[in-house]
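In: No sequence on hand, only this structure:
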């Protein structure tokens, strides 16, 4: 299992008139979280795209337990539970500064060869790096 | 069962560098779709809030079948399959102009009394209006 | 002078915790307004891009007179005061349903040949169509 | 003169199909920049709001020199050139990692007493803190 944490601060732009983070913005938080999780192990989503592999999202699920609010410094824990193949599944848990769990989510991404437009395997370097976390 | 359709056009702001609608923006499309669905039967989400009931989202699920693209005129079919109570569940299906199904989603909202901050029943007028669609 | 009007409804996603439309979202409203203004005279920004001309923004100016609010049905008046060349300047005035002027803005766009990455003249069809509004 | 720097990384959500940061998103970057500038000298915009003072934007101006791109680590230099009163003017300069100036902007905010809805002076603590940078 691979697990990683990143933090981000809620922007005013991301609130709505309820005074909550707008529910659609968690998708962006998850994006930041998975990209930073990869960066922490030396991987770059940008580099994947520059090398012809893009990873659109197939599936998104969010559970909203408690609202995140303006200026909250959120910690997002990102987890990969299964070794990536054509698809990569990320799990997210969003906590506020008090450690309260605000939100949980999951996304499934698929690797697409930008030349052919067809699904392809995950980049080798990604599988190599992630595999290390699945060894006994 | 209650069902309704609304259309909206994809904005440049909503695309990403893949040339697709960014995956988080479907949450906003669903918001537009459910608000317009209610408006079509004479209901106003704004009025609910003005009368002290807000409806934050508890759950979001999206399935991305094919990408929506810039300037697409999307049709979103919104469905309520169960009579609302404290919770209201909406289902969404997003089609492009050729009638191709691009995306499906679901949200569960909860009615909150803004004074107490506690869950409450759906507004009477909402139940009345929606009930008509559940009669034999 | 060319002038045109379009309407759009404020989305919940576009509000912030002040209960106002977030100040950055007017840029998106201006985008919708200028694209719809062109569509009304038979022009398509999408088609320009499909034909290798993109029009990034060089300059943005917004004046916020009064806040737009959730569910407001806004009318945006878009004006072109000078015949486009390499640059096109759009002026915007945003009104609520009572006809109150909420916001004024201006954007300058530049035409870029996507092959060369260099500025180029406005598409001929755009100049032709707009010219009709500048004849005596 | 008060001046401060903050960094932020461009999110995928913030790009558009040109592969650039969407022009409206700089307003959000400026918001982050001014809030972090204040935080660096011990001030909190959130605390101002919690104490009944909000600061809506009156004026926004952006000049787009070169596009910011996905995953760019931007540095935003925020400057206050005049001592704040009822109005506070911020200037922004956005640089990429190579130190190239991508974008310049300016916002004027006004202090509003949330109880009365009327303009009011800047919070004392803000004037005190900023004044230190204007002493000879």
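Out: Here it is on my side, so go on. Keep in mind it's a predicted model, so treat the numbers as computed, not measured. Residues are numbered from 1 along each chain as shown, chains lettered A, B, ... in the order given.
In: what's the nearest residue to the residue sitting nearest the centre point of chain A if we skip its chain neighbours?
Out: With the centre of chain A defined as its mean C-alpha position, the nearest residue by C-alpha atoms, centre = their mean is residue A:34, 2.9 Å away. Excluding the flanking residues, the one nearest residue A:34 by C-beta to C-beta, 6 or more residues apart in numbering or on different chains is residue A:90, at 4.9 Å. From N, CA and C alone the C-beta is placed, and that goes for glycine too.
In: my guess is that neighbour meets residue A:77, correct?
Out: No. Distance between residue A:90 and residue A:77: 10.6 Å, which falls outside the contact criterion (C-beta atoms under 8 Å).
In: between those two, which one's more packed in?
Out: residue A:90 (22 against 17; other C-beta atoms under 10 Å in any protein chain shown).
In: Roughly how far does that one sit from residue B:105?
Out: 19 Å (C-beta to C-beta, to the nearest Å).
In: And the next helix or strand past the helix ranked longest in chain A?
Out: The helix that spans the most residues within chain A, counting by DSSP state H, is helix A:26-40. On the C-terminal side of helix A:26-40, the nearest following helix or strand under DSSP states H and E is helix A:45-50.
In: Contact partners for the residue lying farthest from the centre of chain A?
Out: Among the C-alpha atoms of chain A, the one most distant from their mean position (C-alpha atoms, centre = their mean) is that of residue A:17, at 26.2 Å. Remark: with contacts taken as C-beta atoms under 8 Å, 6 or more residues apart in numbering or on different chains, residue A:17 is in contact with C:12, C:15-19, C:70.
In: can you rerun that using 10 Å?
Out: B:49, B:54, C:12, C:14-21, C:69-70 (C-beta atoms under 10 Å, 6 or more residues apart in numbering or on different chains).
In: before we move on, what about residue A:99?
Out: Each residue near residue A:99 by C-beta under 10 Å, 6+ apart is listed here: residue A:75.
In: Which residues of chain A lie near chain C?
Out: Neighbours of chain C within chain A, by C-beta under 10 Å from any C-beta of the partner chain: A:11-25, A:69-70.
In: Can you tell me which residues in chain A are near chain D?
Out: Contacts of chain A with chain D, taken as C-beta under 10 Å from any C-beta, map to A:8-14, A:19, A:24-25, A:27-29, A:31-32, A:35-36, A:39, A:44-47, A:49-50, A:69-72.
In: mind running it again at 8 Å?
Out: By C-beta under 8 Å from any C-beta of the partner chain, the part of chain A that sits against chain D consists of A:11-13, A:27-28, A:31-32, A:35, A:44-46, A:49, A:70-71.
In: ok, back up a step: which among the residues of chain A next to chain C count as buried?
Out: Buried positions within the residues of chain A next to chain C, assessed by neighbour count (16 or more other C-beta atoms under 10 Å in any protein chain shown), are A:11-18, A:20-25, A:69-70.
In: quick check, nearest of those to residue C:114?
Out: The shortest distance between residue C:114 and any of those, using C-beta to C-beta, involves residue A:13 and amounts to 29.7 Å.
In: Share the number of residues neighbouring the residue nearest to that closest one when sequence neighbours are not counted, please.
Out: The shortest distance from residue A:13 to any residue that is not its chain neighbour, by C-beta to C-beta, 6+ apart, is 4.3 Å, and that residue is residue D:28. Around residue D:28 sit 22 other residues, with neighbours defined as other C-beta under 10 Å.
In: Pull up the gap between residue D:28 and residue B:11, please.
Out: To residue B:11, residue D:28 is 16 Å away according to C-beta to C-beta.
In: do the same with residue A:38
Out: Note on residue A:38: its distance to residue B:11, by C-beta to C-beta, is 29 Å.
In: Tell me how far the closest residue to residue A:52 other than its chain neighbours lies from residue B:18.
Out: With C-beta to C-beta, 6+ apart as the criterion, residue A:52 has its nearest non-adjacent residue at 4.7 Å, and that residue is residue A:114. With distances taken as C-beta to C-beta, residue A:114 is found 9 Å from residue B:18.
In: where do the contact lists of those two overlap?
Out: Taking C-beta under 8 Å, 6+ apart as the contact rule, the neighbours common to residue A:114 and residue B:18 are residue A:54.
In: quick revisit: how distant is the helix or strand that the residue nearest to residue A:34 is a member of from the center of its chain?
Out: Secondary structure assigned from DSSP H and E places residue A:90 in strand A:87-95. On the basis of C-alpha atoms, centre = their mean, to the nearest Å, strand A:87-95 sits 5 Å off its chain's mean C-alpha point.
In: list the helices and strands it packs on?
Out: helix A:26-40, strand A:73-80, strand A:101-110 (3 or more C-beta pairs under 8 Å, 6 or more residues apart in numbering or on different chains; DSSP states H and E).
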